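*Asks:* coords below, sequence missing:
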């Protein structure tokens, strides 16, 4: 199995893992982490496709690789905006819940690290 | 031998991603994510994408990791409440099924990709001589798909404006982030004095070498931004108030120069962002020199966050 | 001559990998933060130095070899600073550890 196919399949598994984490984790910061895992999986997938397009003396198709550099930078800026939104929500309301009603009783951790 | 290395790398990536998603402690999950980003750099090198590997190491592993560590430290007291909101087993099972279906569908399409793969590499190789640069990625970013790079720079400015707009009203125009006080004779201040000169040289070198070797302005600007962040975190300098004129001029100068060259190309060579014959390399250098400070400023300020301290008027 | 250089490279890189392994085992098995820092920084700096030493005969130019050595020195510097900061923070937070 060539490197491109191996990393392509790894990337699909990463996308699936990140998608599960995005839905199943209630804390918004964990959702942002899962979103980044999905994003890196998508980039790895496109990178595997770029590797298969090697030719004319280049190790990989340069056009998708250049688009990937753009994608990584834009994904970082989206993460920064999401984290800023989350921190503002925390400053303004004290909690980071995305639910429309806050649950009635919440026990704080007795021995939080 | 290489197959064994790739297989081990892929397994480690999956294990670290699972740790990040499923782990209980948020700080451990973020630490796992930083390690995941660095291993992903190795995967990129195996896929012959050295420029992408540099970008992933700098931005994906470094800057995103720093951003998330700062966030998880500030949000430590919300984890118990979030844990109480965990979805029921039915929702989690359905989510796992959806994720599994997406994975299977993508895996089938990966295995069904056409062979020989369609590629634009011969077109790039045929036209790269006219651009004057040796690195095909730089040629694609600044000559063949220059419009994408321009729009990316503008998206970065918009993201920064979005982050700034989250300031409380009393802090608008003020300094972002908390005031960092570190011992001026301590070890953090020491490395904030020793490392930035080296870092600036390395950043400029990576930028300059990007014309013919792997590198470029994004990777170089990230290193410059990291050096500025180090100096700020050590308390040797404070974050500038966002109302400062030099800051705002520096942020828009890069995209404005880029747009101006594009409009000049529309007049002189017939299409927006077209380069006249023989002027491609100098124009590319001018665009990169104009965008470097803007990118470094934006990347550092995205990490520092929204203004929190009221500005002095 | 090249056989001797290849042998030197293999021995150095394997020794460096052994030091990395020892450092990781120390990280996982030692009981508290200070002993773990000791294992990590001693082993990883020496491990990276041996790997760089093993790669030096194979670089294409003297400049590339110099870059490898500068990388090793930078890792030494940042590792030393990071372990100092972690140790200081741990001592302030938990003086009995």
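*Replies:* Looks like it arrived, so ask away. All figures in this text were calculated on a predicted structure; none of them were measured in a lab. Numbers count the residues shown, from 1 in each chain, chains lettered A, B, ... in the order given.
*Asks:* quick one: the helices in chain C?
*Replies:* Assigned by DSSP state H, the helices in chain C fall at C:2-29, C:33-55, C:62-93.
*Asks:* ok, now chain A?
*Replies:* Here chain A has its helices, by DSSP H, at A:3-24, A:28-52, A:62-93.
*Asks:* Just send those back as CSV, with distance to chain B and mean pLDDT too.
*Replies:* In this view, the C-beta of every residue, glycine as well, is placed from N, C-alpha and C. Listed next are the helices of chain A as CSV, based on distance: least, C-beta to the nearest C-beta, whole Å; pLDDT from 0 to 100:
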stretch, distance to chain B, mean pLDDT
helix A:3-24, 3, 94
helix A:28-52, 4, 94
helix A:62-93, 4, 93
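*Asks:* Now chain C against chain A: closest residue?
*Replies:* Chain C approaches chain A most closely through residue C:93 (10.4 Å), counting by C-beta to the nearest C-beta.
*Asks:* returning to what we had before: out of the helices of chain C, indicate the one that is most buried.
*Replies:* With neighbours defined as mean count of other C-beta atoms under 10 Å in any protein chain shown, the helices of chain C peak in mean count at helix C:33-55, which reaches a mean of 18.
*Asks:* next one: phi and psi at the closest residue to residue A:91 other than its chain neighbours?
*Replies:* Among residues not flanking residue A:91 along the chain, residue B:168 sits closest, at 7.6 Å (C-beta to C-beta, 6 or more residues apart in numbering or on different chains). As for residue B:168, its main-chain torsions (degrees, to the nearest 10) stand at phi -70, psi 150.
*Asks:* Among the helices of chain C, which comes closest to residue B:2?
*Replies:* Among these, the nearest to residue B:2 by C-beta to C-beta is helix C:2-29 (16.4 Å).
*Asks:* pLDDT of that closest one, averaged?
*Replies:* On average, the pLDDT along helix C:2-29 is 91.
*Asks:* Hey, what's the angle from that helix to helix C:33-55? Just curious.
*Replies:* Counting by axes from the mean of the first three to the mean of the last three C-alpha atoms, to 10 degrees, helix C:2-29 lies at 170 degrees to helix C:33-55.
*Asks:* Which residue ranges of chain B form helices?
*Replies:* Taking DSSP H to define them, one finds helices in chain B at B:2-22, B:26-46, B:50-55, B:64-74, B:79-84, B:89-111, B:121-127, B:136-139, B:146-164, B:187-209, B:217-233, B:245-268, B:280-304.
*Asks:* can you put the ones you listed in a markdown table and add mean pLDDT, distance to chain A and mean neighbour count?
*Replies:* What follows is the helices of chain B, written out as a markdown table (pLDDT from 0 to 100; distance: least, C-beta to the nearest C-beta, whole Å; neighbours: other C-beta atoms under 10 Å in any protein chain shown):
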| stretch | mean pLDDT | distance to chain A | mean neighbour count |
| --- | --- | --- | --- |
| helix B:2-22 | 93 | 4 | 17 |
| helix B:26-46 | 94 | 5 | 20 |
| helix B:50-55 | 94 | 5 | 25 |
| helix B:64-74 | 93 | 5 | 20 |
| helix B:79-84 | 81 | 4 | 17 |
| helix B:89-111 | 93 | 3 | 14 |
| helix B:121-127 | 87 | 4 | 16 |
| helix B:136-139 | 91 | 4 | 25 |
| helix B:146-164 | 94 | 4 | 19 |
| helix B:187-209 | 93 | 13 | 17 |
| helix B:217-233 | 94 | 6 | 23 |
| helix B:245-268 | 92 | 13 | 15 |
| helix B:280-304 | 93 | 4 | 21 |
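*Asks:* Rebuild those helices as JSON lines, extending it with distance to chain C.
*Replies:* As requested, those are exported to JSON lines (distance: least, C-beta to the nearest C-beta, whole Å):
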{"stretch": "helix B:2-22", "distance to chain C": "13"}
{"stretch": "helix B:26-46", "distance to chain C": "12"}
{"stretch": "helix B:50-55", "distance to chain C": "14"}
{"stretch": "helix B:64-74", "distance to chain C": "12"}
{"stretch": "helix B:79-84", "distance to chain C": "19"}
{"stretch": "helix B:89-111", "distance to chain C": "30"}
{"stretch": "helix B:121-127", "distance to chain C": "24"}
{"stretch": "helix B:136-139", "distance to chain C": "21"}
{"stretch": "helix B:146-164", "distance to chain C": "27"}
{"stretch": "helix B:187-209", "distance to chain C": "4"}
{"stretch": "helix B:217-233", "distance to chain C": "10"}
{"stretch": "helix B:245-268", "distance to chain C": "28"}
{"stretch": "helix B:280-304", "distance to chain C": "18"}
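*Asks:* Please tabulate those in TSV, including the columns distance to residue A:97.
*Replies:* Listed next are the helices of chain B as TSV, based on distance: least, C-beta to C-beta, whole Å:
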stretch	distance to residue A:97
helix B:2-22	20
helix B:26-46	15
helix B:50-55	35
helix B:64-74	16
helix B:79-84	7
helix B:89-111	16
helix B:121-127	49
helix B:136-139	43
helix B:146-164	22
helix B:187-209	35
helix B:217-233	30
helix B:245-268	34
helix B:280-304	25
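*Asks:* At the geometric centre of chain A, which residue sits there?
*Replies:* In chain A, the centroid-proximal residue (C-alpha atoms, centre = their mean) is residue A:36; its distance is 1.3 Å.
*Asks:* quick one: it and residue A:79 touch, right?
*Replies:* Yes: Residue A:36 is within contact range of residue A:79, at 6.1 Å (criterion: C-beta atoms under 8 Å).
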